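A.B. asks: quick one: sequence and predicted model below, then my questions.
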Amino acid sequence: MEKHSNMNMPAQDDLYLLQSIQKGNRKAFDHLFRMYYPVLCTYCQHYVEPEEAKEIVQDTMLWLWEKRETLAGIQSPKHYLFTTVYHRAIRHLEQNEMRRQAHATYHERTMTLLEDIDICLLNDLSHHIRTALAQLPPAQREVFLMNRFRDMTYEEISKQLNISPQTVAYRIRQALAFLKEELKDYFPLALLMLDMKLIF
C-alpha cells in the first residue's frame, strides 16, 4: 500500500484502490476514505448544512464498504462518489421539503380538529385510545406503533423485526380490527387522532 501514500494519485491507482476494497482490503478503504472525505464534505455543503453533509458523506462511504462486492462495474471511483453524494444530498433536500409540507398539513388538520371538538372530549378519547393500545397483544402493538407513530413502512418494520412484510400487514390489520371494536363509538375520530399522532 506504500505506493498509494501520494494524495494526488493517478486514476489507475484510484481504481486499484477500489479493486482492493472489493476484495475486502480495509486499509485500502481507509485510505480512500481519508483521501475523499474532506473534498466530498466540502462539495456536499453546497447543497446542505455542514453537519448534514458530513452525515451524507459518511453514509456514502459506509455504503461503499458494505456493498464493495457489487462494485465491479465502476470505472471511476471519483465520479461514482461525487455522483452518489450529489444524489443523496438532493434526496435529503426533497425529504426535508416533504417533511415540511407534512408538518404544515399536520398543523392545519390539528387546528381544524380543535375547532370542531371539545378539548375535554379530546382528552377523554386520548385516554381511551391509550388504554386500547395497551390491551393489544405485544407483537401487534409493536408493529402498529412502529407504523403509526414512527412512520416506518412495512418493509422497514419487517427488516428490523426479522419478519415478513405479510406478517407485518397481518398484525396491523388485527390491531386495527381490535381498536375498531374497542373504540367503536368514536372510531373514525380515534383513527384521525392516531393518524395525526394526537395522543397524549
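C.D. replies: Great, that's in hand. Numbering: from 1, shown residues only.

A.B. asks: what residue ranges in this structure score low on pLDDT?
C.D. replies: Filtered on pLDDT under 70, the chain yields the residue ranges 1-12, 103, 106-107, 109-119, 196-198, 200.

A.B. asks: need the helices for this structure, in chain order.
C.D. replies: Taking DSSP state H as the criterion, the chain carries its helices at 11-22, 26-44, 50-66, 77-116, 119-135, 138-148, 154-161, 165-182, 187-195.

A.B. asks: so who does the residue nearest the centre of the chain touch?
C.D. replies: Residue closest to the mean C-alpha point of the chain, counted by C-alpha atoms, centre = their mean, is M152 at 8.0 Å. By C-beta atoms under 8 Å, 6 or more residues apart in numbering, the contact list for M152 reads 146, 160. Heads up, the C-betas are built off the backbone N, CA and C, glycines and all.

A.B. asks: separation between it and W65?
C.D. replies: From M152 over to W65 the distance is 25 Å, taken as C-beta to C-beta, to the nearest Å.

A.B. asks: same thing with Q160?
C.D. replies: Here Q160 is placed at a distance of 22 Å from W65 (C-beta to C-beta).

A.B. asks: ok, E108 next?
C.D. replies: In terms of C-beta to C-beta, E108 sits 43 Å off from W65.

A.B. asks: okay, those two: which has more neighbours?
C.D. replies: Neighbour totals were compared for E108 and W65, and W65 leads with 14 against 10 (other C-beta atoms under 10 Å).

A.B. asks: measure how buried the residue lying closest to P50 once chain neighbours are set aside is and give me the count.
C.D. replies: Leaving aside its chain neighbours, P50 sits nearest to C41 (7.5 Å; criterion: C-beta to C-beta, 6 or more residues apart in numbering). Using other C-beta under 10 Å, C41 has 17 other residues around it.

A.B. asks: show me what contacts C41?
C.D. replies: Residues in contact with C41 (C-beta under 8 Å, 6+ apart) are 50, 53-54, 57.

A.B. asks: how about 7 Å then?
C.D. replies: 53-54, 57 (C-beta atoms under 7 Å, 6 or more residues apart in numbering).

A.B. asks: and what of A132?
C.D. replies: A132 sits next to 179, 182-183 when contact means C-beta under 7 Å, 6+ apart.

A.B. asks: which residue, neighbours along the chain excluded, lies closest to it?
C.D. replies: The shortest distance from A132 to any non-neighbouring residue, by C-beta to C-beta, 6+ apart, is to E182 (4.2 Å).

A.B. asks: picking that back up, okay if I get the contacts of A132 as JSON lines plus distance to Y37?
C.D. replies: Below are the contacts of A132 laid out as JSON lines (distance: C-beta to C-beta, whole Å):
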{"residue": "L179", "distance to Y37": "48"}
{"residue": "E182", "distance to Y37": "53"}
{"residue": "L183", "distance to Y37": "52"}
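
A.B. asks: top of those by number of neighbours, please.
C.D. replies: Compared across the contacts of A132, L179 has the highest neighbour count, 22 neighbours, by other C-beta under 10 Å.
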